[in-house]
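# coords below, sequence missing:
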């Protein structure tokens with residue numbers, strides 16, 4: 001490339017750095033580190049599922065030491081990132097108030113980890129009970145993308161409910177990138193939750209999901225319309241799924257007033273925008289026509 005062309009590109013990009021709508025070059029702006037947040041996710045996974053994601057077998061003979069050391073690392077790493085997140089939201093926050101908020105968030109997060117781990121073990125059980133292809137629970141922990149997405153969601157949700165800026169979204173998008181599952185950190189999901197095959201699932205921010213719910217690939221639990229944009233912030237826009245519901249592939253359940261009653265089954269590709277009673281069966285009516293025709297020329301165009 002000619003030096004003049006390169007200089008023009010450099011100047012064009014540099015000029016865009018001055019854009020006032022999006023912070024690109026504001027060096028004094030506070031941001032959490034995406035890399036550090038990913039390391040926190042990995043550290044939490046190592047302590048909640050030892051032996052699966054940690055090579056340090058010897059320390060498990062003294063689990064109290066292993067857990068304590070891991071929690072100390074998480075506390076240190078998470079404190080630094082939560083501090084940056086609060087400073088992003090309010091750069092002028094009082095330093096004493098900032099430290100009090102950071103400490104409160106981190107301590108509450110750590111105290112919740114035993115319960116988060118307990119619920120995740122119910123999710124493992126739900127996957128094993130719901131998937132005849134699962135060879136073992138260990139296989140599910142090691143390799144199921146749906147469980148990974150649920151794991152990340154459950155820790156991101158703990159920060160979301162404490163109104164931590166940015167970090168829950170960074171966590172959920174990391175899981176989205178690695179599993180194909182997009183669960184907003186605000187969604188409330190009870191125990192024994194299973195996402196089979198995982199890919200293409202979308203679960204919106206104000207979704208509420210009960211116990212023993214099973215959904216398949218391509219399911220959307222979404223909003224009816226987002227044209228009002230920020231005007232809908234804080235409004236329940238996504239459905240409520242009660243206990244023991246199964247939702248098959250590519251179904252869409254939309255709307256904040258939509259409730260799928262306990263024990264119901266939503267068939268594949270169904271489009272649901274109003275409430276469904278308990279123990280209902282919702283299916284898409286379709287006809288498949290089969291007709292016999294003459295043998296076709298393999299080189300000819302295929303027509304219906």
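Thanks, I have it. All figures in this text were calculated on a predicted structure; none of them were measured in a lab.
# The closest residue to residue 262 other than its chain neighbours: how many residues sit nearby?
Leaving aside its sequence neighbours, residue 262 sits nearest to residue 242 (Cβ to Cβ, 6 or more residues apart in numbering; 4.0 Å). Placement of C-beta: from N, CA and C, glycine included. Residue 242 has 20 neighbours, counted by other Cβ atoms under 10 Å.
# Could you double-check that residue 242 sits in contact with residue 210?
Yes - counting by Cβ atoms under 8 Å, residue 242 touches residue 210, with 4.7 Å between them.
# intersection of neighbour lists for those two?
Counting by Cβ atoms under 8 Å, 6 or more residues apart in numbering, the contacts common to residue 242 and residue 210 are residue 262.
# Now do the same for the helix ranked longest in the chain: mean pLDDT, whole number.
Counting residues, the longest helix found in the chain (DSSP state H) is helix 95-130. Mean pLDDT, computed over helix 95-130, is 98.
# Enumerate the positions of it that are buried.
101-102, 105-106, 109-110, 112-113, 116, 119-124, 126-128 (16 or more other Cβ atoms under 10 Å).
# could you say what helices and strands the helix or strand just after it packs with?
Following helix 95-130 in sequence order, the next helix or strand is helix 137-143 (DSSP states H and E). Identification of packing neighbours for helix 137-143 by 3 or more Cβ pairs under 8 Å, 6 or more residues apart in numbering; DSSP states H and E yields helix 95-130.
# The helix it packs on: how far from the chain's middle?
Here helix 95-130 is found 15 Å from its chain centre; the criterion is Cα atoms, centre = their mean, to the nearest Å.
# So what's the residue count around the closest residue to residue 216 other than its chain neighbours?
Counting by Cβ to Cβ, 6+ apart, residue 249 is the residue found nearest to residue 216 once chain neighbours are left out, at 4.1 Å. Neighbour count of residue 249, defined by other Cβ under 10 Å: 17.
# Could you do the one 3 residues further on as well?
Residue 252: 18 surrounding residues under other Cβ under 10 Å.
# right, and it touches residue 271 too?
Yes - using Cβ under 8 Å, residue 252 is in contact with residue 271, at 5.2 Å.
# State the helix or strand in which residue 87 lies.
Using DSSP H and E, the element containing residue 87 is helix 63-89.
# Which other helices and strands does that helix contact?
Using 3+ Cβ pairs under 8 Å, 6+ apart, helix 63-89 sits against helix 34-48, helix 95-130, helix 167-179.
# how big is the angle separating the longest one from helix 34-48?
It stands for helix 95-130. 50 degrees (axes from the mean of the first three to the mean of the last three Cα atoms, to 10 degrees).
# From residue 170, how far off is the residue nearest the centre of the chain?
Among the residues of the chain, the one closest to the centroid is residue 183, at 3.2 Å (Cα atoms, centre = their mean). Distance of residue 183 to residue 170, given as Cβ to Cβ, to the nearest Å: 14 Å.
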